[in-house]
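Asker: Got a predicted model here, sequence first, then my questions.
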Amino acid sequence: MTTMDRNKVLELERIALEVRKDVVRMIGLSRAPSLGSSLSIVDILVALYFWVLSIRPEDPKWTGRDRFVLSKANACPALYAILARKGFFDRDELWSYRRLGAMLQGTLDPRRTPGVEAPGGGPCLGLGISNGIALGCAMDKNPARVFCLMGDGELNKGAVWESVAAASLYRLKNLYAIVDVNGVRMGTPLDAHDSPEALKSRFEAFGWKVFHADGHSFKSLAEAFGEMMENPAGPGVLLAKTQWGRGVFSAEVDNGKALASPNRERVENALLELERAGKTLEEESNDEP
Amino acid sequence: MSHDCNLSPMEAAVSSLRLLASCDPSMIVLDSEVGENSPLSGLRGEYPHQFLKTGLSESDTVLLAAGLSLSGRNVFVNSQSAYLVPRAYDAIREAVAIPSLPIRFLLTHSGLTGGADGATLQIIEDLAFLRALPNVSIAVPSDGLSANKIVEGSDAFRGPVFFRLSALSLPELERPSGAEFPPGGASILREGDGVTLCAYGTMVHEALRAAAILSQQGIEAEVIDCYSIKPLPAQAITASVRRTGCCVVAEEHNSSGGLGGAVSELLCQSSPVPIKFVSVQDRFGQSGGPEELLEYYGLSFKEILSAVSQAWTMRRR
């Protein structure tokens, strides 16, 4: 699983582009404020759902499935777009995200949405819940793995570190955390205190094994996940360096202020930009044998 | 199954947990109390795979419970109320109450009589916190038998449930044989048409003492053990006050947000009658023995008697 060939990389890049377009459309329709945060995790989610996780969309409650918990719940548009693309539910559901009675709530609701494993709203709860799921699976001798994606901003919350300590205390070997290190918390840049180096030493002090990846390179993500899976010593965390608003220039450049209140024109421009990126991707893939 | 006499509700709940653990291997108890302080310390040796010490990390304990519940386990959490409820409220709300996970919480050291440790650990506002959460049930047993039945019947509750358990050795109450304690139920311990006395836990015993004295004065009190704080036994309370015309609520809780609040919310909308509260009058606890504290804070049959006389004179016949 460690190495990913060029065709697979291209396939995942195409999927990621389509997912980004869906995310921009969802945010455009719902006026949700989480575009930058959702776009930064798209590639990590694509790598997980189309390369790492063992799941059965037609049987979402299959006991042997790997569990994915999105702790950074404000970025749920990205997860919803992925789940729809995997076939957990109809893609049309995406367009009623955050509307009254919708299957796709603004916060994660496992009772309502197939493929969503754990509840989530305010960030910082996902890792603790993941610990419980991982412990339950381990007690049942279920080989399922549990993946939890957190944001670097939520690591400021004290409750997260109770859970970081607990995962190490219970020696959860089936638990894999991923931190989306986009360097932004609620639209505000984080300082050096929250740099990947600082995070690494903090996790290591709690007995975790730390891995690094470029969160927008499928090759890098595949290698890092491969390394993590081969490390059965205890909980592992992947610090994935990402860019806030990745893929949409206007979101990347000013931490999303231009898209904080997405109007029709901004959404159109973002979609055009993603269309152009798609054309470039196809040209490049034709150029190289 | 035998029910020992004069076990505290907490001790009775522990014996029920032992029974449940032996019947259901998927049951797991997370214990966030430390060392020998924990009433569960004895059980950990007997069922090492079903009792897990999580040690004072209340927020993480609740999240761990949520994860275990999501993976199909029958989960109980044991914790000091003063630690669990305020500190882990966020986790309780988001990870347990909103998704309505069937997790059972055993709350120890609630109210004034939980220990001599003083205000920080004597939580008198826990029910107000919990009662405000949708999807949640709350039950407070008033003796060993009801604690056994309520904890053993916890499958009957939908969603999360909080058991507020006293560690005082409370006398076994006289109840009709085969008494059951379903969610939303009430146990009528004494019938009467003079005044309705609603109480739970320790204060049920004081209410019965008051009722005996009232009877000598010619007022027959109806004593309702409102063990189910939420859902509230609305029908039993309403039916009673329609006969008595006045009500006194006695509880080991602050004057706002507890059973008094719940009963008032109910009756002002359906059968408005004068209601008096015997409760902690909006101040925090302090160190002291259980009986000293109850007396100092005015939680005894004497205050119930004076509350009854006030409510009784206010009623419209």
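Answerer: Arrived safely, thanks for sending.

Asker: measure the closest residue to residue A:10 other than its chain neighbours to chain B for me?
Answerer: Once flanking residues are discounted, residue A:10 sits nearest to residue A:285: 5.2 Å by C-beta to C-beta, 6 or more residues apart in numbering or on different chains. Glycine gets a C-beta too; all of them are placed from N, C-alpha and C. Using C-beta to the nearest C-beta, to the nearest Å, we find residue A:285 at a distance of 41 Å from chain B.

Asker: Buried by neighbour count: which residues of the host helix or strand of residue A:285 qualify?
Answerer: Here residue A:285, judged by DSSP states H and E, is contained in helix A:264-287. Across helix A:264-287, burial judged by 16 or more other C-beta atoms under 10 Å in any protein chain shown covers A:266, A:267, A:269, A:270, A:271, A:273, A:274, A:277, A:278.

Asker: What of stretch A:223-237?
Answerer: Quick answer for stretch A:223-237 (16+ other C-beta under 10 Å): A:223, A:224, A:225, A:226, A:227, A:228, A:234, A:235, A:236, A:237.

Asker: Got phi/psi on the first one?
Answerer: Note on residue A:223: backbone dihedrals following degrees, to the nearest 10 are phi -60, psi -40.

Asker: Correct me if wrong: the residue nearest to residue A:10 contacts residue A:11.
Answerer: No - counting by C-beta atoms under 8 Å, residue A:285 stays clear of residue A:11, with 10.0 Å between them.

Asker: Distance check, the closest residue to residue B:305 other than its chain neighbours against residue B:277.
Answerer: Distance criterion C-beta to C-beta, 6+ apart; nearest residue to residue B:305, sequence neighbours excluded, is residue B:210 at 5.2 Å. The gap separating residue B:210 from residue B:277 is 14 Å, by C-beta to C-beta, to the nearest Å.

Asker: Neighbours of the residue in the stretch 51-200 of chain A that chain B sits nearest to, how many?
Answerer: Among the residues of the stretch 51-200 of chain A, residue A:132 lies closest to chain B, at 1.9 Å counting by C-beta to the nearest C-beta. Residue A:132 has 33 neighbours, counted by other C-beta atoms under 10 Å in any protein chain shown.

Asker: Would you map the helices across chain A?
Answerer: A:6-30, A:35-40, A:42-47, A:76-86, A:126-139, A:158-169, A:196-205, A:218-229, A:249-253, A:264-287 (DSSP state H).

Asker: out of these, which comes closest to residue A:55?
Answerer: helix A:76-86 (7.3 Å; C-beta to C-beta).

Asker: I'd like the mean pLDDT over the closest one, please.
Answerer: For helix A:76-86, mean pLDDT is 97.

Asker: and that helix, how far out from the chain's middle?
Answerer: On the basis of C-alpha atoms, centre = their mean, to the nearest Å, helix A:76-86 sits 10 Å off its chain's mean C-alpha point.

Asker: what about it and chain B, touching?
Answerer: No - contact of helix A:76-86 with chain B (C-beta under 8 Å from any C-beta of the partner chain) is absent, the minimum separation being 13.9 Å.

Asker: angle of that helix against helix A:6-30?
Answerer: 120 degrees (axes from the mean of the first three to the mean of the last three C-alpha atoms, to 10 degrees).

Asker: So which residues make contact with helix A:76-86?
Answerer: Contact with helix A:76-86 is made by A:15, A:18-19, A:22-23, A:26-27, A:30, A:32, A:34, A:38-39, A:41-42, A:45-46, A:49, A:55, A:57, A:70, A:89-91, A:93-94, A:97, A:104, A:106-108, A:113-116, A:120, as judged by C-beta atoms under 8 Å, 6 or more residues apart in numbering or on different chains.

Asker: hmm, back to that, just the closest of the buried residues of stretch A:223-237 to residue A:156, please.
Answerer: Out of the buried residues of stretch A:223-237, the member with the shortest distance to residue A:156 (by C-beta to C-beta) is residue A:237, at 16.0 Å.

Asker: Name all residues that make contact with the nearest residue to that closest one once chain neighbours are set aside.
Answerer: Excluding the flanking residues, the one nearest residue A:237 by C-beta to C-beta, 6+ apart is residue A:177, at 4.3 Å. Counting by C-beta under 8 Å, 6+ apart, residue A:177 touches A:127, A:130, A:147, A:148, A:149, A:150, A:167, A:208, A:235, A:236, A:237, A:238.

Asker: Look up how far residue B:73 lies from the first one.
Answerer: According to C-beta to C-beta, residue A:127 stands 18 Å off from residue B:73.

Asker: quick one, which of the two is more surrounded?
Answerer: Using other C-beta under 10 Å, the more surrounded residue of residue A:127 and residue B:73 is residue A:127, with 29 against 21.

Asker: per-residue confidence for the closest residue to residue A:140 other than its chain neighbours?
Answerer: Excluding the flanking residues, the one nearest residue A:140 by C-beta to C-beta, 6+ apart is residue B:71, at 7.4 Å. Here, the pLDDT recorded for residue B:71 equals 93.

Asker: since we're on residue B:71, how many residues are nearby?
Answerer: Neighbours around residue B:71, by other C-beta under 10 Å: 25.

Asker: domain ranges for chain B?
Answerer: B:9-164, B:187-314 (automatic domain parsing).

Asker: Pull up the distance across the first one, start to finish.
Answerer: Okay, so that is domain B:9-164. 9 Å (C-alpha to C-alpha, to the nearest Å).

Asker: can you pull the contacts of the residue of the stretch 51-200 of chain A closest to chain B?
Answerer: Residue A:132 touches B:63, B:64, B:65, B:66, B:67, B:68, B:69, B:70, B:71, counting by C-beta under 8 Å, 6+ apart.

Asker: Name the nearest residue to it, sequence neighbours excluded.
Answerer: The nearest residue in space to residue A:132 (C-beta to C-beta, 6+ apart) is residue B:67, at 1.9 Å.

Asker: Who are the contact partners of the one you found?
Answerer: Going by C-beta under 8 Å, 6+ apart, residue B:67 touches A:118, A:128, A:129, A:130, A:131, A:132, A:133, A:134, A:135, A:136.

Asker: Likewise for residue B:200?
Answerer: By C-beta under 8 Å, 6+ apart, the neighbours of residue B:200 are B:140, B:142, B:225, B:226, B:227, B:229, B:251, B:259.
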